[in-house]
Structure formats: structure tokens, C-alpha cells
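>>> quick one, what's the 3D model for this:
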Amino acid sequence: MASKQLITHTNNSSLNKLTALLTHHSLNSLHSMAYDEYMADRIKHFFDDRHVVYSPKRMFGGLCFMIDDKMCCGLITIKKKGVNVLMARIGEVAYEEAILKEGAMPMDFAGRPMRGYAFVKFEGIDSDDDLEYWLQLCLDFNPLAKSSKKKAPKK
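This next block holds a predicted model:
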């Protein structure tokens with residue numbers, strides 16, 4: 001009832017501003033979650049089933065799965081292409097064979113491929129076996145991966 005009174009007592013200009021503000025807020029909320037929740041749940045189940053200790057962390061505008069304080073894998077949307085991908089940290093040894101799999105492509109940030117990382121489109125991880133293949137590569141490489149240096153807190 002109060003909202004009806006509010007709308008009734010606002011002029012069109014105020015209503016338009018309110019609508020624009022709400023629309024802008026809603027669109028920003030959609031962009032704040034740039035990863036697929038269903039795929040995130042599948043990855044969590046994979047790690048949980050294997051008793052892997054991990055922590056999900058918002059990063060790169062998506063969701064990364066950290067194991068031993070190192071990025072193991074992640075989910076993001078490549079905005080230029082409008083495609084959801086698994087970001088797989090698999091190392092250079094596994095990369096040469098893995099990149100030939102369906103849906104795999106070089107991980108490219110800022111126009112240059114990152115060595116030992118791959119993007120995998122969802123059609124390449126649609127089946128449980130395919131997802132397990134990629135996540136196992138990530139887990140196998142994780143003990144060999146270097147941990148990124150933590151930034152010193154600002155004083």
C-alpha cells in the first residue's frame with residue numbers, strides 16, 4: 001500500500017529516475033555473478049566426492065577454486081564472445097594433449113596466451129567424464145603449481 005502511495009505521489013520525472021536507478025542496479029547485479037552456478041555445483045561435488053579441501057573465491061569477475069592457496073580452476077564468462085568457460089590450470093606438460101580436446105582453447109588474457117592454462121567451453125565438459133578429465137588434470141598439477149605472492153596489506 002505504501003509503495004502505491006509513493007508512486008501515486010511522484011511525478012513522471014521522479015518515477016523515470018527511480019525506474020532507471022532500479023534497472024541499473026538490477027543489471028549490475030546480473031554482471032556481478034559472471035559464472036554458471038550449475039557448473040560451480042558440479043565442480044564442488046567433484047571436489048567433495050574426493051575429499052579435496054578447497055575454497056571458492058570470487059576472482060577475474062568469476063569464481064575460482066583455490067587448493068593449498070593456489071588457483072586450481074575457475075569459471076568465468078568471456079564477455080567478448082559471450083561464452084561460459086572452465087579456466088583450467090593444467091601445466092605445460094598436460095597442455096599439449098589437452099588443448100586438442102573438444103571445447104578446449106588457449107587461455108588468453110589481454111591478447112596473449114598464458115602457458116599451462118586452458119579455457120574449456122561447456123560443450124567440452126558437458127559429460128561427467130569430460131569434466132572429471134579436466135578437473136583431474138587441474139588437481140594433478142596443483143602440487144606443482146607456484147602459489148602467487150600475497151600482497152602486503154596497505155598501511
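
>>> what's the first helix or strand after the worst-scoring helix or strand of the chain on mean pLDDT?
Scoring the helices and strands of the chain by mean pLDDT, DSSP states H and E places helix 12-32 at the bottom, with a mean of 34. Per DSSP states H and E, the first helix or strand lying C-terminal to helix 12-32 is helix 37-49.

>>> tell me the pLDDT of the closest residue to residue 134 other than its chain neighbours.
Nearest residue to residue 134, sequence neighbours excluded (Cβ to Cβ, 6 or more residues apart in numbering): residue 88, at 5.2 Å. For glycine as for every other residue, the C-beta is placed from the backbone atoms N, C-alpha and C. At residue 88, the model reports a pLDDT of 98.

>>> let me see the ranges of the helices in the protein.
For the chain, the helices defined by DSSP state H occupy 2-8, 12-32, 37-49, 91-98, 128-141.

>>> my guess is the residue nearest to residue 134 contacts residue 137. True?
Yes: the pair residue 88 and residue 137 passes the contact test of Cβ atoms under 8 Å, sitting 6.5 Å apart.

>>> residues that sit against both of these two, list them.
Residues touching both residue 88 and residue 137 (Cβ atoms under 8 Å, 6 or more residues apart in numbering) are residue 98.
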